[in-house]
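>>> Provided below for reference: sequence and predicted model.
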Amino acid sequence: MVYSEVVGNYKRISDKIENARIKAGRTDKIRLMAVTKTVDVQKINFAISQGIDLVGENRVQELLSKYDEMDKTAEIHLIGTLQTNKVKYICDKVSMIQSVDSIKLATEINKRCEKISKVMDVLLEVNIGREESKGGFSPEQLNSAIGELLSLPNIRLRGLMTIPPFGEGEKYFPEMYKLYVDNSVKKVDNRSNDNFKWDTLSMGMSDDFEEAIQNGANIVRIGSALFGKRIY
Ligand SMILES: *Cc1c(COP(=O)(O)O)cnc(C)c1O
């Protein structure tokens, strides 16, 4: 089956990413993540056949239900809220967990990955808008959280992820970029550990990914602009 709207959307988004990259004067790589919540496996696999090499799923249950049939040539990241009791189901299936929102969760990921001799790449989720309804570390908590997490050998800290308040991405992206830089290597002595490889800033979605790229994002997470409006 050919999903022609996905072909067109993918091309359009790729062009916009490239133009935003040039406009920002950047020469580094910006990855497009296809966010696949509510999207069925056939459509996901079609997108992968068109060149998508990174897929983001929000929910463990949904990931598990699609996993066997999914084309394994793409990397899978978990991007949604993760309960500690579900960690054990996904450690062997995802290459990164972008939604680490507590020390407790990171500790569980470390424990489960130790059992399968894996070092899991993680991003720390930042609640940049300080919204009560959202999880994540507050900007003030980040520095000490990183300090604690450095002692966990089976996770590797790769950077930050955020979901800004709805419609307010542009306002918060500069602050996220500053946090990303301020918490990066060399600012603090012991951050040259093997498990500190600070190179990823995941922000920007369908409506604001170009602004995110202007502000240093190197993974943009795109769902509806690629696959069409979600039907729940
Ligand atoms: C759904 C979702 C996205 C993509 O949202 P769109 O607006 O459809 O592009 C990105 N990140 C997270 C964490 C999401 O849950």
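Now that the structure is in, tell me what you want to look at.

>>> Show me what counts as buried in the helix or strand hosting residue 221.
Per DSSP states H and E: residue 221 is located in strand 219-222. Using 16 or more other Cβ atoms under 10 Å as the burial criterion, the residues of strand 219-222 that qualify are 219, 220, 221, 222. Heads up, the C-betas are built off the backbone N, CA and C, glycines and all.

>>> Which one of these is nearest to residue 22?
Within these, the smallest distance to residue 22 is 15.1 Å, found for residue 220 (Cβ to Cβ).

>>> in the protein, what spans have low per-residue confidence?
Scanning the chain for pLDDT under 70 picks out 185-192.

>>> tell me the contacts of the spatially most central residue of it?
Centroid check for the chain by Cα atoms, centre = their mean gives residue 98 as the closest residue, at 4.2 Å. Residue 98 makes contact with 56, 77, 78, 79, 122, 123, 125, 161, 202, 219, according to Cβ atoms under 8 Å, 6 or more residues apart in numbering.

>>> Quick one: those as CSV, columns for distance to the ligand and secondary structure too.
Below are those laid out as CSV (distance: Cβ to the nearest ligand atom, whole Å; DSSP: H, G, I helix; E, B strand; the rest coil):
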residue, distance to the ligand, secondary structure
56, 6, strand
77, 10, strand
78, 10, strand
79, 4, coil
122, 15, strand
123, 11, strand
125, 9, strand
161, 8, strand
202, 8, strand
219, 10, strand
